[in-house]
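Trainee: what follows is a predicted protein model with its sequence.
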Amino acid sequence: MSRSLSRPEGFQLSPAPEIVVNLYNKKNTFAARVVDKYRISHASSPNHCWHVILDITDSEMAGKYRIGQSLGVFPDGRFNNHEFNYVHQSLTNQVRLYSIASAYWGDDWHGNTVSLCVKRELGEDAETGKLVMGSTSNFICDVQPGDLINVTGPVGKSFLLPENPLDYHYVLVATGTGIAPYRGMIIELFNQGFEGEIWLIFGVPYSTDIMYDDAFTYFAEKYPNFHYHTAISRENRNAKGERFYVQDALEENQEKLVPLLEKPNCLMYLCGLKGMEYGVYPWLYRIKSNLVSLPEDMTFDQVDKLPRDAREWIRIERSRDKTRLLKETY
Ligand code: A2P
């Protein structure tokens, strides 16, 4: 495992590539061959999450993508049919985006692979009680080494590491598969000689759902400036006796986090479940951070109690300092 995490002795890293997007698109896809895949949620977890490594040697993308970008994948395989798409007909034959989980040099150190982190979408339709399966996520999780996957991209320019990434500190907050980009970011930073502080706060329902735990534990043991914390929502409770979320882990560590976030060279990233920002922004208000601003006509208590669908969130969102608080929720 540590083979893909720590640079082989004497190995010289290539510099980060320029940002490019859409080297491949719907009309011009690249057929990437699956090199390997391994399960990253615990075998006993009902959430089935896989790390899938794709060979892109013969593509324009080799050595050209950046961590924080995504790849598009077309639905394919045995679940890409009317029966399983009936809930989301509009998504039939639409590309689905998956965050890249590998450093820009891939898991092979030469930029000839790109890795994805994918969770099987499995559920029931609330009205009919019928099985619903994500056609693309299940297609990807079913692949075997040697299979081909048609990909597009890379896409995305707004969730990248900054130029001169070693000059910053990072507070990385993830829920679920929102962890994908942080794996690559952490591998990149430490292999480039990073000496600042990184805090990783990772929220999952149960401890068996923690993805890449062995990798993050490896870095936490090796680097005292890497602080790895999990928020296991359904196993732990916050002070109010409610589910323990990432914002509760932020609060628990705020003595260290507040002075760090006050530094102009500290960046905060949020990635994962749509809605996680509604828990994190009130915490940012509480610590008087200037990463988001409270609307002048609202008190903190009003913001804390705002329902998820309140129009005020649009205004609050507009006030986000997009240069220091980067967000990708879906
Ligand atoms: P829960 O579902 O227990 O309420 P996954 O995507 O694998 O389901 O994980 C997402 C994690 O994020 C879960 O632990 C989930 O908790 C948690 N979560 C759900 N809503 C929020 C929220 N508004 N803020 C932060 N975390 C959340």
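Mentor: Here it is on my side, so go on. Residues are numbered from 1 along each chain as shown.

Trainee: for the stretch 51-200 of the chain, which segments count as strands?
Mentor: Counting by DSSP state E, counting those that start in this stretch, one finds strands in the stretch 51-200 of the chain at the ranges 70-73, 96-99, 113-119, 122-124, 131-133, 148-155, 169-175, 198-204.

Trainee: the first one pairs with which strands, parallel or anti?
Mentor: Here strand 70-73 has these sheet partners by DSSP bridges: strand 96-99 (antiparallel), strand 148-155 (antiparallel).

Trainee: repeat that for the last one.
Mentor: For strand 198-204, the pairing partners within the sheet under DSSP bridges are strand 169-175 (parallel), strand 226-232 (parallel).

Trainee: is there proximity between the first one and the ligand?
Mentor: In this case it means strand 169-175. Yes: using Cβ under 6 Å from any ligand atom, strand 169-175 reaches the ligand at residue 175. Using the backbone N, CA and C atoms, a C-beta is placed for each residue, glycine as well.

Trainee: shift numbering so it begins at 473
Mentor: In the new numbering, first residue 473, that becomes strand 641-647.

Trainee: ok, and what's touching that strand?
Mentor: With contacts defined as Cβ atoms under 8 Å, 6 or more residues apart in numbering, strand 641-647 is touched by 654, 657-658, 661, 668-676, 718, 722, 729, 732-733, 735, 737-745, 748, 752.

Trainee: pretty sure residue 780 is in a helix, no?
Mentor: No: counting by DSSP: H, G, I helix; E, B strand; the rest coil, one finds residue 780 to be coil, located in no helix.

Trainee: give me phi/psi at it?
Mentor: phi -60, psi -30 (degrees, to the nearest 10).

Trainee: burial of residue 593, as a residue count?
Mentor: By the criterion of other Cβ atoms under 10 Å, residue 593 has 16 neighbours.

Trainee: my read: it touches residue 611, true?
Mentor: No: distance between residue 593 and residue 611: 10.7 Å, which falls outside the contact criterion (Cβ atoms under 8 Å).

Trainee: any stretches of the chain with poor pLDDT?
Mentor: The chain contains residues with pLDDT under 70 at 473-474, 556-564.

Trainee: for the ligand, what are the nearby residues on it?
Mentor: 519, 647-648, 675-677, 681, 705-706, 715, 717-718, 745, 747-748, 750-751.

Trainee: what residue lies at the spatial centre of the chain?
Mentor: residue 650 (2.8 Å; Cα atoms, centre = their mean).

Trainee: what's the spacing between the residue in the chain sticking out farthest from the centre and residue 784?
Mentor: Farthest-out residue of the chain from its mean C-alpha position, per Cα atoms, centre = their mean: residue 769, at 33.8 Å. In this view, residue 769 and residue 784 are 10 Å apart by Cβ to Cβ, to the nearest Å.

Trainee: for the residue farthest from the centre of the chain, which three-state class applies?
Mentor: Here residue 769 takes the coil state, with states given by three-state DSSP.

Trainee: dihedrals phi and psi, it?
Mentor: Note on residue 769: backbone dihedrals following degrees, to the nearest 10 are phi -90, psi 20.

Trainee: so which residue of this protein comes closest to the ligand?
Mentor: Per Cβ to the nearest ligand atom, residue 648 is where the chain lies closest to the ligand, at 2.4 Å.

Trainee: pretty sure that residue contacts residue 682?
Mentor: No: with contact defined as Cβ under 8 Å, residue 648 does not count as touching residue 682 (10.6 Å).

Trainee: identify the contacts common to the two.
Mentor: Contacts common to residue 648 and residue 682, judged by Cβ under 8 Å, 6+ apart, are residue 676.

Trainee: most packed of the strands paired with strand 670-676?
Mentor: Per residue and on average, the most neighbours among the strands paired with strand 670-676 fall to strand 641-647, with a mean of 23 (mean count of other Cβ atoms under 10 Å).

Trainee: please export the C-alpha coordinates of it as PDB.
Mentor: Taking C-alpha atoms only, strand 641-647 is exported to PDB below (Å, rounded to 0.1, in the frame of the first residue of the first chain):
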ATOM      1  CA  HIS A 641      -1.800  25.300   5.600                       C
ATOM      2  CA  TYR A 642      -4.900  23.200   4.900                       C
ATOM      3  CA  VAL A 643      -8.100  22.300   6.700                       C
ATOM      4  CA  LEU A 644      -9.700  19.600   4.600                       C
ATOM      5  CA  VAL A 645     -13.300  18.600   5.500                       C
ATOM      6  CA  ALA A 646     -15.000  15.600   3.800                       C
ATOM      7  CA  THR A 647     -18.200  13.600   4.100                       C
END
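
Trainee: for that strand, what is the distance to the chain centroid?
Mentor: 10 Å (Cα atoms, centre = their mean, to the nearest Å).
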